[in-house]
Structures are given as structure tokens and as C-alpha cells.
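Peer 1: A structural model of the following input is requested.
(2 chains)
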Amino acid sequence: MSFQFLTPSTLPEVLSFLGESPEETLAMAGGTDLLLAMDFGRFRPRRVVSLARLPWRWVRWEEGVLSVGSLAPLRDVERAPGLSARLPALWEALRDVGSVQLRHRATLGGNIVRSSPVSDLLPPLLASGATLRLVSQGGVREVPLDGFLRGSWRTGLEPGELIQEIRVPAPQAGAYLWQRVRPVNDISQVSAAASVRGGDPTGSRGGLWHLAAGGVDPVPQRLPRAERALTSVTPGAEEVREAAETAAEEVRFRTDQRATEGYRRHLLSILVRRAVERARTRWEARG
Amino acid sequence: MTPAASGEAPAVPHRLIGARVPLVDASLKVTGRAEYTDDLRRPNLLVGRILKSVHPHARIRKIDVTEARKVPGVAAVLTGDRYPRTFGVLPMTHDETALAVDRVRYIGEGVVAVAAVDEETCERAFARIRVEYEPLPVYDDPKVSRNPVAVKIHERALRDTNLQKEVFQHFGDLPGAWRAAAHSVRVSARYAGVTHAFTEPHAVLAEYSPDGRLTVWSATQVPHYLHRALSEVLDLPMHRIRVIKPEVGGGFGGKSDPFPHEIACAALAMETGRPVKIVFDRDDVFYTNHGRHPTWNTVGIAADALGRFTALDVEALLDGGAWSSFGTVTTYYNGVLAMGPYQFPNFRYHGARAYTNHPPSGAMRAHGGTNIRYSVEVAVDMLAEEMGWDPTELRLRNFLPPHSTTVNEFRITSNSVRQCLLAARERSGWREKFRALPYGQGIGIACGFYISGSNSPIHFTPKFPQCTVHLKVDMDGGVTVHCGAADIGQGSKTILAQVVGEVLGIPLDRIRIAAVDSDTAPIDIGSYSSRVTFMMGNAAKRAAEDLRRQLVQAASDLTGYARESLECGGDRIYVRHRPQVGVSFLEAVHRAMEHTGALHASGSYESAPMGGTFKGARAGTAPAYSFSAYAAEVEVDVETGFVRVRKVWAGFDCGRPLNPQSVEGQIEGSIHMGLGQLLSESLNYRGPRLMNPSLLDYKIVMPQDMPEVECLLVGEDDPEGPFGAKEAGEGPLIPVLPAVGNALYDALGVRFLDLPITPDKVLRALEEKERREGRLSKPAPPAVMPVPAGGTDHAPR
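Peer 2: Okay, the predicted model is just below:
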């Protein structure tokens, strides 16, 4: 396989390279997914544009929002001060992605564009109400992550468009749980994220609780029906059970080499229940 | 005469044996300076690649390589007809070829080898190779292969079946014992194939020089067997072949055969006159496999009313894959290694190994002793439960005594299995925990044993010792050790240095271990069957003792003291009752070299004749056996089926541990490997196709998932081991699987008889149990504790 590898250092250069022959050009962030996919023959680009020289590697708190440059390595996000207290679901997901070595290389933006059905990061980002800032030669736009993911390797990103920033409102009590054959350096078979915030339950972002599932078909997604079963920030056991059962009913699962549909369905219910319970405990324990 | 300066404290002898010595090559390895095969470069080096079969079973009608040869940068294209002579690790079952000759027998088998300037050019050549296949019936199930078949995978398969080997053994009167038994159990279990997953992929570099000599560097456990196979297949005399083993990044049995790619690489080098290197990708490693056989086995154990075992009845069916490899040995081992630390007066075994169109199975750490041990130890647990006994008590009642003989004429020497069990039971808090932990938590125990070096060398013609060691001392006082034993990361170089240093009383930095190089090293038959410490250790000890005799004579000449009164230690040779009188090691060396200019010594090891005279009597005989008893504590998430092993108490008898740090490393590594097979590792086949040839989907345990391990080294000196040592490289793997399996029963009341025990299987089993019994509950505690705490001695027969 041969391809041209371009390493532009400014955004205009990057966007111009991407715009030249978009169908034969791919952008590369950390490359941990893309290079494998190219090795397996899924993509055969003529040109790969490295984003490594763009300065989008920041991780910072901005008045109640975690702002992450899309090229920030996962390891940097994981080590953001106060992350485990302010966004525990995201932190729990980050520390269990692959290995430390991989997390030094892989980026948050890359993980979103990969849009993997078994991503460990998309469920907590969805449950946390993350938004994306996208840039292209046409300008800048902001979109919620919810609705952005279309399928494996497919997102709402337009040709020639890049994710520049990921914004996550904080603080949120939350939790992220997965099921794997082995705990470390494995791909989750199914996973659940829960996030709870106080405030007005009739607010624009819907209810008090945001739930999301991974390992589902075709991409990680919110669980709106299950969320509606939870009517307070400290739901009782019956409500939690109801939400957990609803969750398993409202998404589709696949059978593949890693797990069967029935197993995933069964596990999602358990993981949703536990995630809600853990998030509730954290809510109650908040300072 | 050079007495030490007066007033100087008497030299303290080095005590290298039993010391926690770091591996002598550790600093090279951790700094990345150790040279593995892929690190080696030669001028004009070509890259070799092997085109693999995509068919599981097919006749090769035609291979057209004309266009591939024309690709610029291609130096040679080799097909199987060039070197069709068969080879294999066992002389009786040669059925492999360097490249497929007229048939392919599994997906991944090598068909065409190409040498070119780089990998991409090899791939371009592959794209221009046309192979015409005629598909043949595919055999992916040994239960089919054992019956009459339409097409035999190999002509040498038995009768009209695809069986590679069948074993029948019967000692005593099994049916009679079974009829007379007061208690009996039967267990049938199934084991997925697992593979070694060593760090370094297979790699080989070959060079053929104009003087007609071939040099092969290879990541191998068996340089000598490779040497032979190269000679046989390439039709070159052994003295024109030089085999060098660089550092090897793990083997675990996966590098203990001579391999087709090694021969193909040498052939490419001969064809091109240029050095050629083949380094495998990870998927090549998976297709090459030679891992543990997928196995179906049944174990029956009978006991009398006093709890004494009276009979052991074993059946095993093994999926051998496409080749024989070590399979004949594996077939025997799955029976004869079932008896193990217990005494059975009656024993029957029926074992069979079938050819299939899967990648070949072979030898893997605790070869032939792992799967059958799980079934036996689960059966013992079940028998204890049926009898209402504590399973540790039932085991204590039935252990083989030290210095005894089994019914199939294994000679047992030192045996501390009882001490292993008592230590594991004591340290684990067994009495407080067994059947008493909350639901979902449990403790289990299991025992094991393993050969400390196969008594039979694979090649017995010409007859020579299993291991020879040469020592060479130069005027600088450095001792160079030449030995063919392959250090594959297990630490044999360190043991070699410790043994030589101990005998000569010199520090380790005086000792240089020469790389395995057939031009200079005497023969050692390889690193397999846990033979190296025992056999190489004995050979090295004898060589060092020979050298010591020469040096003590020199010291005697210098000091005027009789040889008998001299002692080696602290880098000196001194008078035992007047330690301040003596000479330095170097002075003795110089004196000893005065008339020869050189100082050499040799030692060798050959195991004693042993075993019965019946067919297969040699299988499983060894000059000593390691023994073990592990306790394991688990907790299970009963909602998700996830199993966590909390702690393992590893009671192990390796005789005297020559290097406890190294032994503990082997025990921890073995537990890591065993837990993988038990909980997560599996070669997943869909029909003949391997579905997970990658380390992402073949799930070895990660270091972070390891339980705490407490090593309990309780062995006594073995009478024949070097300084009393026995093996610790393979035996430590065996008991962890059944110990955890039995702990899972204690935790959940479910017997898991289908490995690996993945969370989905745990969940399914719990659902079935709940459906059957209406609830989930612990098994009942033993009704009777028939013997007082501490156990009894072996019951007399």
C-alpha cells in the first residue's frame, strides 16, 4: 500500500488539502484506528493528511464546561485536574480505554469520528450532553454529539470538515460501566453511562437523567425511554428497575464474535441499573 | 605459596545456589540491547515471505510462479516440489514439508516462499502467483476424523480413519475395581485450543556462503532438532550447517518444533546466495500455532469405603490439526500424566489424536498434563463431595509416597506434594473459608505433578548424552561456558552461571555464557519437557567439578597442602582449616595452564534407564517429578458472570530452588498463562477457519488482572537433581486451572466443564441452575471430616 502522507502545520493548509480531492483523502489524528483500518484494507486513501501539527491539544475548564481540543490525547483528558470528581462517567471510561500507551496516542476527536459501536467514550459523552465545534472552509458550526453519530465510521461530519473542540457541561454526577471478557486492554461487549444533574427537570435538555448505551447497533446512543422512567435525582429501586428494563428494550443489538445479542441485552439492563445506582450515590455524596 | 595477607578475614564462600540472583541477561533485555533474530542485519539482506493457503483442504493442481519471478526486486520464488522430503520433530511421524507439495491441509499452510528486496515486493510477487486448487472434503471435528473417512489427510493415518495416534493402556483390573468400588464419579470435559502467545514472533535468518556452508539464526527452543531437520530436508551434512540461537522472546513450546519457515528460509538463502530473513506477523504466528490441543476427555475415579482410590479410567480425544508434531507424545501424556500425585492400583487409558484441517496442535507449557489434570482434580473434588469428605483430606489420603513406583512403572523420587497441600491449606485459611464464604465467593484446591525432563531423548541414534557442557578458561581467569541449552527467557543461562560459579567458588561476573552456536556448543537436545535445569544443571555441575579438580591440584602444588584439605570459595582456593592460607582463583588458573596454555573441562548428563517394557512405557518417565498443590480464592459477579481470582496460594515442590526469584517468576507466569486458558483464551474456529488470529481477540490475561500470588516453596532436595533441584517451568501451570475451577464450584455450586469459562458461560450456567433448583445456593459443607486436622499419613495398602 502506498499513499502520500502530508503534515501541514496550519488550519488553512489542512483544510485546503482536505478540500482538494476529498474522496481520496483522509485526515488522521492519533491514527490508532485509522492505520489499522488501512492495514486491513478498509480504506485505501491516496493521501493521508496528518492533523498532528494543529494546536488543538488543550484540555481546560471554562466556567462549568470541560473544553477539549479534538487532538488532545486521551491520556491528557484523563489527567485533567478534577475530572474524576466533576465528570466521573467520562473519567471512568477514559481510564479503561485500551492501554496507557494507546491513550497517549489516541485522541478524543478521533474516537468520535471513528464512531465505533463499541466505543467506550461515546456513551459517557452522550450522557453528559457533549457538544462539538466543527470547522471547515465554509466556517464554524456547533452541534450536539447526540444525533451526530450515524454508524460505524459514519458521522454528521461534512467532507472537508473537522472537529475542533469537544465541550462537556460540568459538574455532573455520573457513572460508566462496561462488560468485557477481561477488564484491561479489551473491547467492551456492552456498556452503559448515566449522568444526573440537578436543576429544572423541564429544562431544554430534557429530564434530570441522561443515559446512554454502547455495544449497541448501529452506534452508541441515548436511552430516552429509560431516562423518562427516572423521575427524580434520587430514584427509588422500582424506578431504577423500570429504567433498566426499558433500556434493554429500546435499543437494537447485534450478535458478533465478541458477544451474542441476548447476552448484550441482558447485560445492558444490569449495567444501566448499576450505573444509575452509582451515579445516584455520587449525587447524594456531592459536596 | 601466596597466603592471604595476615589479619584479613577468612574468605566467605559464595553461595550462589539458593540466592535470589537476577537473570544474568536482564540488564541487556530491559535496556533493549539484547539481540533477537529480527535485530540481526547482514549485508545484502533479502526479505522472505510465505504465501499461505486460503483453503483448509485441497489438492494443488498447479502453481504458476512465472509472472512472480519477473517482478523487479524478486530474487527467488520457491515451491514445495523443490524440497519435498518430509520432516517433523518426532522421527516416527515425519509428515511436514517445507512448503505444501501437492496438497494443502489447513488455512495458513505455506505454499510459496518468496525472497525479495523488501516486503512490498514480496506482496507484489504474491499477487502474480496463480495456484489452482481442487477442494477436498474438510475435516474440522476429531469426532468425525476418528471414524472411517472418504479422504485421509495423511496416508499414514490409522486404518481408514484420520486418526494420527491411538493409545490403549490397562494396568491392574479396572472393571473389577470399578465393580467393587464403594464410591465413583465420572467427569467429561471439553477444552478449547489455546496457543502460546509468546512475545517474539517466529523469526529466522539464513545465509549460504560460497564455501558451501549454511548458517541459520532462529528463534527456536530446539537448535539441535532444527540442525537435524535442515540437514535431512536440504540434504546437507550437519557439519556444513551452523545453527545459532540468538535471544528468544518466549517459547512455551511454540518454538519447540523445527518449522517449515526455517527450512524455506534456508532454501531461499541457498537459492539466492544472499542472506534472507523471515519475520512472522502475529497472524502468521497464530496460523503456525502448535498450541495446546482442543481436547475432549472423560475421567472416572473409584474409591473404597475408606476413601482410598482404587481405579482411574481415562479417555481423551485430541484435535491434532494437520500435522503430527509432538502429537504421539501428547496422546500418551493425556493418559499417563493423569495419575500424578495420587496412587491408583488400577488404571486404564484410551487416547486418540485425530488429524483435522485445523492449524497443527503441538506442545505447550505443561504439555499433555494440563487438560487432563483439570478433569482429574474436578473429579477428585466431586468424589469428596459424594463421600461427604473435605477434598483436602481425600487428597491427603491418596498421595503417592516419596520413593515409590506407580502402577505404570514411573519411578518417583523426591515428592513433597503433602507439604504443598498442607502449606496451601494452612496459608489460605481453608478451614474457615471452604463452603463458608458468602454466595459468589469460593475457595478451591487442586494438585499436580510434572516431569522434570523427559527421560527419553527424541533422537536416540546415535546414542549420546542429553546434555553436555564445555568450560574453557583463558589466562584472564574468565570462565566461558559452552552449552547448547536454549535460554528462551526462562533463565537457563543464569542457572548455568550459578551452578558453575557455586562449584568453582567464583562470582558471576567471571562467567560468560556463550550463545548457542552449533559450531562451538556441545549438544543439548533443547528447551522442552522442563529438562534444562535438571539435565543441563547436572552436566554443568560435572564440568565444573572436573575443572575444580584441575584447579585444586594447581592450588595444592602452590600451597603444598593436600587436595583434600582445599576449598573453593570467595574467588580463592584456600585451606579449609586455615582459610587465610590459599591462592586466588586466577593464580590457580595460571598455574594449571603452565604446561598446556589452556584449561578445559566437560561434563554431561544422561538419565538412568527406567520405565517398564510395555508399549509406550517410556512416555512420561522422568528422572524426577515436580509436585504441587494450589489453593485459589475467587469472587464472581453473579449478575454479569464476571470471575475475579483474588489470590492463589501456590504450594510447589521443585526440590531445592536454585534461584527462588526465578522460580517465583515461573510460578507467577504459569498462573498468568493458566488463568488465560481457564477464563478467556480460546482459538475460535468456525469450521476450519480460525476467527481470532490476533492478540486483540485472542484474550490473554493482562498483568493488571493478575491475582495476588503467594509462593510456598516446600520441596526437599531431590537425590538426583543438581544441588537437589527439579523443574519449575511447566508444572506450576497445571494446578491453577482446577484450583480455580473447584473454587468456582464452592462459590456457585456449578461445575464448569467447558473451557474457557467466559462470563457468558457463567451466566448461562447460573440461569440453568436457578431454573433447575429454583434458587442459587452454595453447595453443602462436607458432612464428615473423617480425619483430624493436619491429615494422616498415607494409608497402607
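Peer 1: Could I get the CA-only coordinates of stretch B:157-172 as CSV?
Peer 2: Provided in CSV are the C-alpha atoms of stretch B:157-172 (Å, rounded to 0.1, in the frame of the first residue of the first chain):
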residue,chain,number,x,y,z
ALA,B,157,-3.3,-42.0,9.3
LEU,B,158,-4.5,-45.2,11.1
ARG,B,159,-6.6,-47.7,9.1
ASP,B,160,-9.3,-45.9,7.1
THR,B,161,-9.6,-43.1,9.6
ASN,B,162,-7.9,-39.8,10.1
LEU,B,163,-6.5,-40.8,13.5
GLN,B,164,-2.9,-40.0,13.9
LYS,B,165,-2.3,-42.0,17.0
GLU,B,166,-4.3,-44.2,19.3
VAL,B,167,-3.2,-45.5,22.7
PHE,B,168,-4.6,-48.3,24.8
GLN,B,169,-3.2,-49.0,28.3
HIS,B,170,-4.5,-51.1,31.1
PHE,B,171,-2.8,-51.8,34.4
GLY,B,172,-4.4,-54.0,37.0
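Peer 1: gap between A:Glu221 and A:Ala193?
Peer 2: For the record, residue A:221 is Gln, not Glu. 11 Å (C-beta to C-beta, to the nearest Å). (Each C-beta comes from the backbone N, C-alpha and C, glycine too.)
Peer 1: sec struct for A:Leu132, please.
Peer 2: Assigned by DSSP: H, G, I helix; E, B strand; the rest coil, the conformation of A:Leu132 is strand.
Peer 1: Surely it is in contact with A:Ile163?
Peer 2: Yes. Assessed by C-beta atoms under 8 Å, A:Leu132 is found in contact with A:Ile163 at 5.4 Å.
Peer 1: Overlap of the contact sets of these two?
Peer 2: Common neighbours of A:Leu132 and A:Ile163 (criterion: C-beta atoms under 8 Å, 6 or more residues apart in numbering or on different chains): A:Ile112.
Peer 1: quick one, which of those two is more surrounded?
Peer 2: More crowded of A:Leu132 and A:Ile163, by other C-beta atoms under 10 Å in any protein chain shown: A:Ile163, with 27 against 22.
Peer 1: The more buried one bridge partners, please.
Peer 2: A:Leu134 (DSSP bridges).
Peer 1: Now do the contacts for it.
Peer 2: So A:Ile163 contacts A:70, A:109, A:112-113, A:132-134, A:157 (C-beta under 8 Å, 6+ apart).
Peer 1: and if we set it to 10 Å?
Peer 2: A:27, A:29, A:51, A:56, A:69-71, A:107-110, A:112-113, A:132-135, A:143, A:145, A:148, A:155, A:157 (C-beta atoms under 10 Å, 6 or more residues apart in numbering or on different chains).
Peer 1: ok, now B:Tyr561?
Peer 2: B:Tyr561 makes contact with B:1, B:552, B:555, B:573-578, B:581-582, according to C-beta under 10 Å, 6+ apart.
Peer 1: And A:Gln221 and A:Ala193? Which one has more around it.
Peer 2: Taking neighbours as other C-beta under 10 Å, A:Gln221 and A:Ala193 compare with A:Ala193 leading, 34 against 22.
Peer 1: Run a quick neighbour tally on the single nearest residue of chain A relative to chain B.
Peer 2: Relative to chain B, the nearest point of chain A is A:Val184 (3.9 Å; C-beta to the nearest C-beta). If you count neighbours by other C-beta under 10 Å, A:Val184 ends up with 13.
Peer 1: Kindly report the same for B:Glu606.
Peer 2: Neighbourhood size, B:Glu606 [other C-beta under 10 Å]: 17.
Peer 1: And the one 10 residues further on, by the same measure?
Peer 2: In terms of burial, B:Gly616 registers 20 neighbours under the definition other C-beta under 10 Å.
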